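Engineer: Need coordinates for the below:
(chains A and B)
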Number of protein chains: 2
Amino acid sequence: MRYSDCNREYLEKEYKNLLMRFENIKGMGLSLNMARGKPGKEQLDLSLPMLDVLNSSSAFVGDDGIDCRNYGLLDGISECKKLFGEVLGVDSDLVMVGGCSSLNMMFDTISCMMTASITDGCKPWYEVKNRKFLCPVPGYDRHFSITEYYGFEMIPIPMSENGPDMDMVEKLVSEDDSIKGIWCVPKYSNPQGITYSDETVKRFATLKPAAKDFRIIWDNAYCIHEINDTPDELLNIMDECKKTGNEDLPILFCSTSKITFPGSGVAAMAASENNMKVFKERYNYQVISYDKLNMLRHVLFFKDYNGMLDHMQKHKAVLKPKFDIVLDALNTQLSDTGVVTWTNPNGGYFVSVDVLDGTAKRVVALCKEAGVVLTGAGATYPLGNDPHDSNIRIAPTFPPNDELKTAMDVFCICTKLAACEKLLK
Amino acid sequence: MRYSDCNREYLEKEYKNLLMRFENIKGMGLSLNMARGKPGKEQLDLSLPMLDVLNSSSAFVGDDGIDCRNYGLLDGISECKKLFGEVLGVDSDLVMVGGCSSLNMMFDTISCMMTASITDGCKPWYEVKNRKFLCPVPGYDRHFSITEYYGFEMIPIPMSENGPDMDMVEKLVSEDDSIKGIWCVPKYSNPQGITYSDETVKRFATLKPAAKDFRIIWDNAYCIHEINDTPDELLNIMDECKKTGNEDLPILFCSTSKITFPGSGVAAMAASENNMKVFKERYNYQVISYDKLNMLRHVLFFKDYNGMLDHMQKHKAVLKPKFDIVLDALNTQLSDTGVVTWTNPNGGYFVSVDVLDGTAKRVVALCKEAGVVLTGAGATYPLGNDPHDSNIRIAPTFPPNDELKTAMDVFCICTKLAACEKLLK
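Structural biologist: Got it, this is the predicted structure:
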């Protein structure tokens, strides 16, 4: 029965019932974790053969004709640039392959623009005292943290099923030249799993920002990370920007953290020639060359882009049941309450749940009490400030399936318990 | 015969003779490289077994009890922190293991202090308009480039056989609070192979800088990189700084780039708790965790610090003959000219040669014409500006021994040719 249709007596009964179940769970001494988008052990095992393709008998000379065990090639080995060119949908000349972390490359990119001018006539952002960044919400906490670290005022932009509110984005960036960028996870967004519509991508490509150094951080973290057989399609931002003469707008990122090994994968970025010139100048001072043996290891393992896509099918087979467990639990246990909504993504790493307004923090606290760690409530908003205190990110990938089932039961009970508490106040 | 004792007639004869030999060499179509401190193939092969110790059958759980294939442990796995603690001579709690490049960690360290205050009451360096950095010369070009990129005025500090001129360092840093740091390669310095004397280290530890945020960048790149059986000993800077209450002064760096694979090794830094707090806050925003599989690979390969030292003996066996070739050539072919001096290091990667004043650029150009690439003349000075135009860095490690012999013959002929040219003007 929908909680809004219930009388107080019914809700009190429901509350008591839930409290009893909650106390029972607490007695079980659970220790479960749905906090972060970490691949599970079964997923990690999928890439184990990659640790054998490069060994002491390997040839270490690739397409560039140099010994990959030695210094050299600031922007990565050609085979790897080609592979990431296909992943990102850009010419491989525009690709720079970095270390193991796309987050690190994004941090370095913002860091670069803090102290260097990305384009003629613009000051380094450190000198823009009221610098601002647009943050689609709910979004990825580690994105927001970077702009928080660098002292940006962060402006939340509401997400719809088509992506960020483009009316708001267009208005803001055309009026305010202290707005320097926007964080985007354009496909299977973190946490909602939303893929930006064609119209949204086209509107990004036709933006007319007041700031000549406004940049779109296009973090395509989940570009080939499907979880079912009806994948979303994302329009190619760089192609669209070429049409509008806006190639300098987007800066693209991806990595194999959730394809091979998190923290031991390979990350890459791509941007226009103008942008890459500024970034590469910095990289040239920053490092001699990144880990080419790991690049080679990845290329030998995947062979090519199709090999990478085949590999992703194996991840899909592992992930689909996990997302089904989450969605089944939500459907079975929370649908009839009428106070909880959630997303049903075709890919990515998360299910985004909106619990009753004002209860997200309480739900997370109750879950913790019962031995289930969730992403902190509010984490999906800049400075951790969810104005409705309603959004919770569920990360189903890490726990084994039986634990995930238990964790979701706990989550559903805590969600209802918090809702009853609130409604009975 | 010493050129200074020669009459014009003799020198003209010598010049003609050298010119003939130079033209002969040009006809040989050589293509040799002594430009960078790159390990040679034989050295890279020493670490090949490391590529087999981690494979698909490995256990990926180390001392921390976590799966090293997944996210986690911002400052590295405990085994690796312990190992680098011993390499750097500090408590492992003060160590942060990073990616593959200590240069990258040094860049990030300077970058951090550009926009964040390293200690209470000090401005981020970006706001110090006349910021300066001390650069012992001759020194490492990539150090100087980082401070060049970040807009520091660079003050050259002459090197003696005991290290940087400490009278000058003490005077400058005590008087000028816009001097924010100094670049040091304290053992087997690049390019001279000088190891700082005990007194120099003690004087560093007792510095009283006017700037509270003055920092010593202690790049111990060649800490265990001996080339003969009479190794230098370097006093432990952190121990000395503890005695003087100056623990916040030094920031230590090292890597396995020249122990295992350049670009695919493991880098580490260490600093006081106060300093690490500021750096780790930034790292926490910058990255989730660095490549723990590569850390594990290194630890499994070396087992412990003694294993690493044993491994360095193998490098020594490869490098000693190379340095002998260089020094023999210099002794045999240049000693009697009296216009060239050089260092005779016990370790490191370079021999530093001072040719006749005003001829270094010419020597490098002549060598290039003859097919031998050297480090650019002046590269060992900030902004490439060697006031005497005399210092040339010889990097003997990369070429095979027969090529190295030929390259040194070319170098000696070009050095004498340039000297004669100059003296005959």
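Engineer: which residues sit against the helix or strand of chain A with the lowest mean pLDDT?
Structural biologist: Using mean pLDDT, DSSP states H and E, strand A:32-34 stands out as the lowest-scoring helix or strand of chain A, at a mean of 92. With CB atoms under 8 Å, 6 or more residues apart in numbering or on different chains as the contact definition, strand A:32-34 has outside contacts at A:371-375, A:394-396, A:398-399, A:403-404, A:406-407, A:410-411. C-beta: built from backbone N, CA, C; applies to glycine.
Engineer: what comes up buried for that strand?
Structural biologist: By neighbour count with 16 or more other CB atoms under 10 Å in any protein chain shown, strand A:32-34 contains the buried residues A:L32, A:M34.
Engineer: what do you get for stretch A:41-58?
Structural biologist: In terms of neighbour count (16+ other CB under 10 Å), stretch A:41-58 has its buried residues at A:E42, A:Q43, A:L44, A:L46, A:S47, A:L48, A:M50, A:L51, A:D52, A:V53, A:L54, A:S58.
Engineer: Of these, which belong to strands?
Structural biologist: Among those, no member falls in strands (DSSP state E).
Engineer: which of the residues you listed come close to chain B?
Structural biologist: Checking the buried residues of stretch A:41-58 against chain B by CB under 8 Å from any CB of the partner chain, the ones in range are A:L44, A:S47, A:L48, A:L51, A:D52, A:L54, A:S58.
Engineer: between those residues, which is closest to A:R362?
Structural biologist: For those, the residue nearest A:R362 by CB to CB is A:L44; the value is 33.9 Å.
Engineer: Wait, that closest one touches B:R69, no?
Structural biologist: Yes - A:L44 lies in contact with B:R69 (CB atoms under 8 Å); the separation is 4.6 Å.
Engineer: what residues do the two have in common as contacts?
Structural biologist: With CB under 8 Å, 6+ apart as the test, A:L44 and B:R69 both reach A:F261.
Engineer: can you list the residues of the stretch 101-250 of chain A near chain B?
Structural biologist: Within reach of chain B by CB under 8 Å from any CB, the stretch 101-250 of chain A has these residues: A:101, A:103-104, A:107-108, A:111, A:114-115, A:126, A:142, A:145-146, A:148-150.
Engineer: can you name the two of those that are farthest apart?
Structural biologist: The most widely separated members of those are A:S101 and A:Y126, with 23.4 Å between them, by CB to CB.
Engineer: which of the two has more neighbours?
Structural biologist: Taking other CB atoms under 10 Å in any protein chain shown, A:S101 and A:Y126 do not tie; A:S101 has more neighbours (27 against 18).
Engineer: need the contact list for the more buried one.
Structural biologist: The neighbourhood of A:S101, defined by CB under 8 Å, 6+ apart, consists of A:S255, A:S257, A:G263, A:A267, B:V287, B:I288, B:Y290.
Engineer: Distance-wise, check the third one relative to A:R215.
Structural biologist: Between A:G263 and A:R215 the distance, using CB to CB, to the nearest Å, works out to 26 Å.
Engineer: go on, the fourth one?
Structural biologist: Between A:A267 and A:R215 the computed distance is 18 Å (CB to CB).
Engineer: and A:V169, what helix or strand is that in?
Structural biologist: Assigned by DSSP states H and E, A:V169 belongs to helix A:166-175.
Engineer: for the record, mean pLDDT for that helix?
Structural biologist: Mean per-residue pLDDT for helix A:166-175: 98.
Engineer: Which strand residues bridge A:T341?
Structural biologist: Using DSSP bridges, the beta-bridge partners of A:T341 come out as A:D354.
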